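J.: Here is a sequence with its predicted model. Questions after.
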Amino acid sequence: MTNEPTKPSARRRRVLIWTGCLLPVAAIALAVVAATSDWNRYRGPVAAFASARLHRKVTINGDLHVHLWSWRPSATLDQVSIANPAWATKSDLADIGRITIQIRLMALLGGHLDLRLLEFDHPDVRLYRDEKGRATWDFSDGAKPNAALRLPPVHRFIIDGGRLKIIDDQRNLAFAGAVEARERLSQKSQGFEIIGKGQLNGEPFSMQFTGAPLLNIDRNKPYPFSTEIQAGATFLVARGAVPKPFDFSRFYVDLTSRGPDLADLYRLTGVPFPNTPPYNLHGRLARDGGLWKVDNLAGSVGTSDLVGSMSFRKTGVRPFLTADLRSKTLNFPDIGALFGGVRVTGPLASPNQKLAARVLQAEKRIFPIATLDFSRIRAVDADLTYKATTIVHAPVNLRAGAVRVKLNAGVLRAEPLELQLPQGKLSGFVQLNGSHANAVTDLDLRLENGRLENLMPVTFQGAPPFLGPVVGRARLHGVGDSVHDAVADAYGEVLIVANGGQIRQSVAELTGIDVVKGLSLLLKKSQATTPLRCGVLHFTAKGGVFSADRMTIDTDPMLIDGGGTINLDTETLAFRIRGHPKKFHILRLVAPITISGPISAPKVGVEKGQAIAQAGAAIALSTILAPAAVVLPFVDAGLAKNPSCANLTSRPNLEAANANHPALNAPHTSAR
């Protein structure tokens, strides 16, 4: 049997007819009401909705105009004020003369927000961030703080007569200036521009953002742009694209930056770079959410080249910085700025750098007194590696170096730290604890398989005065917020041991002021050498004063001893060195050699009128030489058993020196 479809009843037909007639009438009536309605009565609900979305009070003090019945509906809001969050005591966040918004209805019905027009007329915006990192422009209510700016496609974006003020206590930044944005369609410019000008921390600032025309923007096609920023003597140029307009959580640019100091970029980027000499770097910067990466980094810092890669992730309590950096040639003075020193290179050096350099030169100081900014160290965690294939212009003859630096919660540790000499290496660690009010520095460095002629690259009459192997170790602890303060508070010990080798015979003889033989060799410019069996130089540091309590060199003609201090606070030294002949000398000055004055320019002389008494000589030799074996294990436990160094403290060797000492035996002639 066939079932025919049921026909609608007469009642249902009447309902459908009435509905079909009433809908157009209702639509027309609604349009009339909308056209004649006073939209100002809705200012309160609209402001309340905006306040809920922005998590702060929004007030519409002027008129509200809505053009609803259009394929491109629009709204205009006059005299809009946006308050600051409750914790901020500054003035309102923004006062805007007029806001105009126009959307595309068809896109909205398809589930997408497409802005045909977004215009701000005479906005006056005042942004503030406190030392705790709370920012008035963070509208996330703590859910996703400092989230990236995400805007829908905007086909016309206008800022007319904008004023912007930024106070950032965290970055020590203050900016005040003007902002304009509009489409530029002329022979000189075909595209969209945002231009900002003003003063950043008292220096001129300018920014120009240039992009493709917004009119034909497509949410599924990358939007190309370029940006040029000048802040004082710092320049940034970026050219790239936003893959999804305008989601700035993801973009890529080819970036070039140059300026007097990388640390100045902290105010612009929020990344706490160290202090450096003038730099010129370029690379490819990409952002993917909270991850920022710089690949193909290359350029120069000071007169040193630099290549590598970096990444910066804003996650957790502190952002995390990683870097793998390399230099073919490191000019050693370039790293002085890392520790508060100054290297002036090129015309980009700032007035402060030039002034600090003149002060250091005038005062003839070695250790900079500039206070390091530990707030930046506490603001980031890091894991960095650096390798220099060649090192030039170092205080000692360094050839290459490598280091890994880890920074966690304000504690910076450089380990392993390795510096290569022509023979041997200097290795160990340096730790800087900046997590508390007073920074604490600890270091433990070892010198292995070194050579005297490389460690002390000086010449005497055209040849090195010392030749042979050398080892050493330094273990120090100091408190201070500058390099000078840290070394001026240093506690610990330093030991250098020359285990065999050669010493110029003229130098050895002159330590005893042998008038006949020493001066004869000196005048002949003799290159003759004599064996250096063992030399020990041991310092004990207390409060920045390094006292040489073991200073002994055992050679064939002489047993040389002495003592003195190095004061790292005043950067001065004072030493007395005496040579005790192992054989009788007829003509000999019984007077110590002195080395004194500033560390950077010491003076060598002879202490006149200081005859060594018999008892004094014996006591000096027994106290200085006998305990030397106690300190040798500080470098290497095997040194105390080494034949050469063991002989230095043996009784027969000591007695031989005492027996042949002119002050203890045969008469001598003293020249004064």
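T.: Looks like it came in fine.
J.: least trustworthy helix or strand in the chain by mean pLDDT?
T.: helix 614-625 (a mean of 40; mean pLDDT, DSSP states H and E).
J.: where exactly do the strands run in the stretch 351-500 of the chain?
T.: Secondary structure of the stretch 351-500 of the chain (DSSP state E, counting those that start in this stretch): strands at 381-392, 400-408, 411-420, 425-433, 440-451, 466-467, 469-479, 491-498.
J.: out of those strands, deepest packed?
T.: strand 491-498 (a mean of 21; mean count of other C-beta atoms under 10 Å). From N, CA and C alone the C-beta is placed, and that goes for glycine too.
J.: angle of that one against strand 469-479?
T.: 170 degrees (axes from the mean of the first three to the mean of the last three C-alpha atoms, to 10 degrees).
J.: and strand 491-498, average pLDDT?
T.: The average of the pLDDT scores along strand 491-498 is 92.
J.: Starting from that strand, tell me which strands it pairs with and how they run.
T.: If you go by DSSP bridges, strand 491-498 pairs up with strand 469-479 (antiparallel), strand 529-542 (antiparallel).
J.: Give me the contacts around the first one.
T.: Strand 469-479 is contacted from outside by 424, 438-452, 455, 485-501, 541, 544, 634-636, 639, using C-beta atoms under 8 Å, 6 or more residues apart in numbering.
J.: Show me where the stretch 451-600 of the chain has its helices.
T.: Shown for the stretch 451-600 of the chain, the helices assigned by DSSP state H, counting those that start in this stretch span residues 452-455, 483-488, 505-511, 517-523.
J.: looking at those helices, which has the lowest confidence?
T.: Among the helices of the stretch 451-600 of the chain, helix 517-523 scores lowest, at a mean of 43.
J.: Just confirm residue 405 contacts residue 429, I think it does.
T.: No - with contact defined as C-beta atoms under 8 Å, residue 405 does not count as touching residue 429 (10.3 Å).
J.: what is in contact with these two at once?
T.: 413-414.
J.: what bits of the stretch 351-500 of the chain have low per-residue confidence?
T.: 351-365, 456-464 (pLDDT under 70).
J.: from memory residue 64 sits against residue 74, does it?
T.: No - applying C-beta under 8 Å as the test, residue 64 and residue 74 come out as separate, 11.8 Å apart.
J.: Name the residue in those two with the higher neighbour count.
T.: Under the criterion of other C-beta atoms under 10 Å, the comparison of residue 64 against residue 74 puts residue 64 first, with 19 against 15.
J.: partners of that one in the sheet?
T.: Bridge pairing for residue 64 - DSSP bridges - gives residue 77.
J.: residue contacts, it?
T.: Contacts of residue 64 (C-beta under 8 Å, 6+ apart): 39-40, 42-43, 46, 75-78.
J.: Which one of the strands paired with strand 491-498 lies nearest to residue 305?
T.: Residue 305 lies closest, by C-beta to C-beta, to one member of the strands paired with strand 491-498: strand 469-479, at 30.1 Å.
J.: Out of the strands paired with strand 491-498, flag the one nearest residue 222.
T.: The closest of the strands paired with strand 491-498 to residue 222 is strand 469-479. By C-beta to C-beta, the value is 53.4 Å.
J.: Report the buried residues of stretch 266-275.
T.: Neighbour-count burial for stretch 266-275, counted by 16 or more other C-beta atoms under 10 Å, picks out 266-268, 270-275.
J.: residues making contact with it?
T.: 168, 171-173, 200-201, 229, 231, 234, 236, 261-263, 265, 312, 319, 321, 337-338, 340, 376-377, 379-380.
J.: Distance check, residue 379 against residue 272.
T.: Residue 379 sits at a distance of 5 Å from residue 272 (criterion: C-beta to C-beta, to the nearest Å).
J.: ditto for residue 202
T.: 21 Å.
J.: can I assume residue 431 is in contact with residue 439?
T.: No - between residue 431 and residue 439 there is no contact under C-beta under 8 Å: 10.6 Å.
J.: And the spatially most central residue of the chain, what's its pLDDT?
T.: Against the mean C-alpha coordinate of the chain, by C-alpha atoms, centre = their mean, the closest residue is residue 274 at 1.5 Å. Looking at residue 274, its pLDDT is 84.
J.: Is it in a helix, a strand, or coil?
T.: coil (DSSP: H, G, I helix; E, B strand; the rest coil).
J.: what bits of the stretch 551-672 of the chain have low per-residue confidence?
T.: In the stretch 551-672 of the chain, residues with pLDDT under 70: 582-591, 606-630, 640-644, 646-672.
J.: what does the stretch 101-250 of the chain give?
T.: Residues of the stretch 101-250 of the chain that meet the cut-off, pLDDT under 70, sit at 141-149, 185-189.
J.: And the helices in it, which stretches?
T.: 105-109.
J.: Can you show me the strands along it?
T.: Using DSSP E, counting those that start in this stretch, strands in the stretch 101-250 of the chain cover 115-129, 157-168, 173-185, 190-200, 203-211, 223-231, 234-242, 250-259.
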